[in-house]
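Novice: Predicted model follows, preceded by the sequence.
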Amino acid sequence: MILQSFRSYSHERSEKMKFQNDTSLQVAAVSAWCKASNNSAVRILSLAVALCAVSGAASAQSLLPPSYYSYDTVTNVGAITQSQIITNRILANVLLGGNEQINCSNCVSAFGSVGSFSAGAHGRYNINGQLSFLGGVAISQYHGKGYEATSVPILAGAFRYDFANSGWARPYIDVGLVASPGQSFRITRNYFNGGIPAAGVGKPDGNSLAAFAKAGWVFRVTGRDEVAVFGEVWRSWQRMGSYVETPVPPMPAIFPAATDVMTIGKIGAQWTHLWGSSIETHLNGGVARTFGTSSALHATLNGVGALTLTGLKERTYFEYGARIGYRITPKLVLDVFANGAIIGGPVGNQIHVGTALRYHY
């Protein structure tokens, strides 16, 4: 079905462009004749001919079958799911201490961010000298190309094993889960109906789950500097509930419930430094690559039939983070941080900026 729609799309696009080019030449010729003539009657007749040519182009475009416009709009909905998975990952990294050093004392932090609104709390508890637990909860709202996430709860937790007895340069391992139940979305599918812009809006619910593992090497270079390099693998499942587009557009789409799967691999590094006795800075970044992406997304469109999304594009992109902290007291720190991703394409770039109050105990 998709192959037939694609062939039909290619033929219709070729015919449409040919017709539009011919019409443009006709209009240009008539306009030149009109300008060259001093006769008012000739000008009026020429204008009428030009208007007929433009009307004919619009009529021809309106006769194009709906399949001309349909498959790309469903593909755009698939890119929305990719954006949701990556955004949830970046927001969850804040809960997992992504902007903090590898080895640190017990702490708890309350935070809020904008760019994509997120508010919550996270912390770290050292079970013993090597094993610690990191995690937190947040409620988020964010948006991207073609969608708004109106309510996204995020719960994240991970265990970290730091081989602290192995000296200033040593390995560490993280394993964890991120869950996001009870999500609410507003999705807008823009398309053309007979050359006229139209839109269908859906409000599905959703749930997501991710499991990850990270392995790295931490270097306690000086008493003020900690550097780490790492690699990680993140496997995500994003389920989108069924919905019917409203208000009823010219070509309404019905989307059954579907689950998308994406694996993300990343190689990165981070550096934390203490300036004097009061100022902390932290930088992190890395190159990430999606692979094994699959989607069960499909839709039924009025006048077209069933369309199944195939061949979602894998993406290579850059993730980054930064933090500046001011030690109000030896145990209380005011942080300003930023996290984001440079992705481009239909998924789009993103940045989240926030502030936090962190207490060490």
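Specialist: Perfect, thanks for sending it.
Novice: in the chain, which residue is closest to the centre?
Specialist: Nearest residue to the geometric centre of the chain (CA atoms, centre = their mean): Ser83, 2.0 Å.
Novice: what's the spacing between the helix or strand harbouring that one and its chain's center?
Specialist: Applying DSSP states H and E as the criterion places Ser83 in helix 67-95. Offset of helix 67-95 from its chain centre (CA atoms, centre = their mean, to the nearest Å): 5 Å.
Novice: do the same with stretch 290-303
Specialist: Centroid displacement of stretch 290-303 relative to its chain, using CA atoms, centre = their mean, is 16 Å.
Novice: and what of stretch 228-241?
Specialist: Distance, centroid of stretch 228-241 to centroid of chain: 13 Å (CA atoms, centre = their mean).
Novice: picking that back up, now the residue nearest to the centre of the chain: how far from Ala341?
Specialist: 10 Å (CB to CB, to the nearest Å). The way it works is simple: take the backbone N, C-alpha and C, and place the C-beta from them, glycine included.
Novice: which parts of stretch 201-216 are buried?
Specialist: Under the neighbour-count criterion of 16 or more other CB atoms under 10 Å, stretch 201-216 has Gly202, Pro204, Asp205, Gly206, Ser208, Ala210, Phe212, Lys214, Gly216 buried.
Novice: Tell me the one among the residues you listed nearest to Ile102.
Specialist: Of all the buried residues of stretch 201-216, Gly216 has the smallest distance to Ile102: 7.5 Å, by CB to CB.
Novice: Tell me who's in contact with Val201.
Specialist: Contacts here follow CB atoms under 8 Å, 6 or more residues apart in numbering; on that basis Val201 touches Arg186, Ile187, Thr188, Arg189, Glu245, Thr246, Pro247.
Novice: Can you give me the pLDDT of the last one?
Specialist: Pro247 carries a pLDDT value of 77.
Novice: swap in the fourth one?
Specialist: Each residue has a pLDDT score; the one for Arg189 is 85.
Novice: For it, which three-state class applies?
Specialist: Secondary structure assignment for Arg189 (DSSP: H, G, I helix; E, B strand; the rest coil): strand.
Novice: Among the contacts of Val201, give me the pair with the biggest separation.
Specialist: Maximum distance among the contacts of Val201 (CB to CB): 14.2 Å, for Ile187 and Pro247.
Novice: Just want to know which of the two has more residues nearby.
Specialist: Higher neighbour count among Ile187 and Pro247: Ile187, with 21 against 8, using other CB atoms under 10 Å.
Novice: ok, now which ones touch the more buried one?
Specialist: Val77, Ile80, Gly146, Tyr147, Val201, Gly202, Lys203, Pro204, Tyr243 are the contacts of Ile187 under CB under 8 Å, 6+ apart.
Novice: possible to save those residues as CSV with secondary structure?
Specialist: Output for the contacts of Ile187, formatted as CSV (three-state DSSP):
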residue, secondary structure
Val77, helix
Ile80, helix
Gly146, coil
Tyr147, strand
Val201, strand
Gly202, strand
Lys203, coil
Pro204, coil
Tyr243, strand
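Novice: of those residues, the lowest pLDDT goes to which?
Specialist: Val77 (79).
Novice: That one reaches Leu297, doesn't it?
Specialist: Yes. With contact defined as CB atoms under 8 Å, Val77 reaches Leu297; the gap is 6.5 Å.
Novice: still on that earlier bit, sort out for me which of the buried residues of stretch 201-216 are in strands.
Specialist: Among these, the ones falling in strands (DSSP state E) are Gly202, Asp205, Gly206, Ser208, Ala210, Phe212, Lys214, Gly216.
Novice: Next, format those as CSV and append distance to Gly167.
Specialist: Below are these laid out as CSV (distance: CB to CB, whole Å):
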residue, distance to Gly167
Gly202, 55
Asp205, 50
Gly206, 46
Ser208, 39
Ala210, 33
Phe212, 27
Lys214, 21
Gly216, 15
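Novice: Strands of the stretch 151-300 of the chain, residue ranges please.
Specialist: 169-193, 196-202, 205-219, 225-240, 243-244, 253-255, 258-275, 279-295, 298-301 (DSSP state E, counting those that start in this stretch).
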